[in-house]
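Asker: predicted model follows, preceded by the sequence.
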Amino acid sequence: MATQQNPVQYAKAIQYQLQSIVTPVPVYATFNRNFAIEPKFVTWMLRNVHQEVFTGQNQNNKSIDRPVFQISIFTQNIEDGFTISNQILQSLHGFSGLFGGATNGFWIAKADVQWLYNSYDNEDKLAQVFLDCTLDIPT
Amino acid sequence: MPLPSKVLPGFTASLFMQPGATPTALSNAALATVATVSALCITSNAVLVEAVPAFGQDDAVASFTVAGSRQSDKIPTQSAPTSMTITAAWNPSDTVIQQIRTDAYSGLTDRTFIVQATDGTGTVYYAFNARVSQFQIDAQPGAEAKAVFSIHPRSGQYGWSNSA
């Protein structure tokens, strides 16, 4: 018996958790026009919210959820981006416990961060670092 | 409502079991009686398994070779119902899973299990009496923890029925 998890709750928890890690660097749910004025900022995107379904007519016969959120770090200075990515790695990778704060958070069994790659956007003049974080959420 | 008259996806199969700590397993006649079997297929009796494994009968033959004869012979015998290795997502509070754990601990509890498959209109039931063994928790990381157990049907104690 597994209840269907609510992505709204995921979004609130991710925003809170990332903000608490990288503060005072701003965190946004999507890429917005702040990039024009902020020397460094972080955005995130949630994907692959999926509880595997099992056999039979019972809708609650599902597995745990293992959603992934991508963390994108944008900085004018390349080293700043690597430094922020290290902050996130040190704080999140292997983390087990309350994720997302007391109000909107929930308990996760494990956070698994994969440092994907870094890049540079010549148009925006912003260095970028991308990470994926998988959450194992008991349901 | 007759038998399902469609090719069914594997997702249609559900597993149910008799409730209670000391059940009275159904008789052979009852195992093939739709009214008795379908009455047990209610939500609180559902065993929430990940997939229903192969069910039915084992292969069983006696092979004979007589020295000097030209050809050996394979004589089919009455084959036993198939043992099923079940995997369920492990919720430690699930009363059905807890009962299965208790059955495995006992090793002597005969209980009626039912595989139900439906196309939404017709339903087919395969009911059998069985004991549980090999109750294990597989808690490898990266997926849901699983309760894995084997159901060994008692010889000859099974029946097919359908909504009619």
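Answerer: Right, received. Where do you want to start?

Asker: distance check, A:V129 against chain B.
Answerer: Distance of A:V129 to chain B, computed by CB to the nearest CB, to the nearest Å: 25 Å. Glycine gets a C-beta too; all of them are placed from N, C-alpha and C.

Asker: please read the previous query as pertaining to A:S63.
Answerer: Plainly put, A:S63 is 4 Å away from chain B if you go by CB to the nearest CB.

Asker: so what touches the helix or strand harbouring that residue?
Answerer: Using DSSP states H and E, A:S63 falls within strand A:62-65. Identification of contacts with strand A:62-65 by CB atoms under 8 Å, 6 or more residues apart in numbering or on different chains yields A:2, A:4-5, A:49-54, A:109, A:135-139, B:50, B:89, B:143-144.

Asker: residue ranges in chain B under the pLDDT threshold?
Answerer: Within chain B, the ranges that satisfy pLDDT under 70 run B:1.

Asker: hey, where'd the helices end up in the chain?
Answerer: All of this refers to chain A. Under the criterion DSSP state H, chain A carries helices at the ranges A:7-22, A:78-92, A:101-104.

Asker: other chain: chain B
Answerer: Secondary structure of chain B (DSSP H): helices at B:28-31, B:34-40, B:95-106.

Asker: which residues touch the shortest one?
Answerer: Under the contact criterion CB under 8 Å, 6+ apart, helix B:28-31 has outside partners B:T36, B:V37, B:T112, B:A127, B:F128, B:N129, B:G156, B:Q157, B:Y158, B:G159, B:S161.

Asker: check the longest one too.
Answerer: Applying CB under 8 Å, 6+ apart, the external contacts of helix B:95-106 come out as B:17, B:19, B:21, B:44-48, B:88, B:90-92, B:109, B:111, B:131-135, B:147, B:149.

Asker: now it: buried residues?
Answerer: By neighbour count with 16 or more other CB atoms under 10 Å in any protein chain shown, helix B:95-106 contains the buried residues B:V96, B:I97, B:Q99, B:I100, B:R101, B:D103, B:A104.

Asker: neighbours of the residue in chain B that chain A sits nearest to, just the number please.
Answerer: Closest contact between chain B and chain A, by CB to the nearest CB, is at B:S14 (3.4 Å). Residue neighbour count, defined by other CB atoms under 10 Å in any protein chain shown, stands at 24 for B:S14.

Asker: neighbours of residue 79, just the number please.
Answerer: This is for chain A. Other residues near A:E79 come to 9 when the count uses other CB under 10 Å.

Asker: not what I meant, chain B
Answerer: 14.

Asker: leaving out chain neighbours, which residue sits closest to whichever residue of chain A sits closest to chain B?
Answerer: Closest residue of chain A to chain B, CB to the nearest CB: A:G56 (3.4 Å). For A:G56, ignoring the flanking residues on the chain, the nearest one in space by CB to CB, 6 or more residues apart in numbering or on different chains is B:S14 at 3.4 Å.

Asker: and for A:Y16?
Answerer: Nearest residue to A:Y16, sequence neighbours excluded (CB to CB, 6+ apart): A:G101, at 4.4 Å.

Asker: got it, and A:F74?
Answerer: Distances taken as CB to CB, 6+ apart put A:L126 closest to A:F74, at 4.6 Å, once the chain neighbours are dropped.

Asker: tell me the contacts of A:I71?
Answerer: Here A:I71 is in contact with A:L18, A:V42, A:T43, A:W44, A:I88, A:F130, A:L131, A:D132, A:C133 (criterion: CB under 8 Å, 6+ apart).

Asker: could you do B:S161 as well?
Answerer: Counting by CB under 8 Å, 6+ apart, B:S161 makes contact with B:L31, B:A32, B:T33, B:V34, B:V37, B:S38, B:V124, B:Y125, B:A127.

Asker: export those residues as a markdown table, with columns for distance to A:V27 and neighbour count.
Answerer: Shown next, in a markdown table, are the contacts of B:S161 (distance: CB to CB, whole Å; neighbours: other CB atoms under 10 Å in any protein chain shown):
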| residue | distance to A:V27 | neighbour count |
| --- | --- | --- |
| B:L31 | 61 | 22 |
| B:A32 | 63 | 17 |
| B:T33 | 63 | 17 |
| B:V34 | 59 | 17 |
| B:V37 | 57 | 24 |
| B:S38 | 55 | 18 |
| B:V124 | 54 | 20 |
| B:Y125 | 55 | 24 |
| B:A127 | 56 | 29 |
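
Asker: of the residues you listed, closest to A:Q9?
Answerer: B:S38 (38.9 Å; CB to CB).

Asker: that closest one contacts B:T123, doesn't it?
Answerer: Yes - between B:S38 and B:T123 there is a contact at 7.2 Å, judged by CB atoms under 8 Å.
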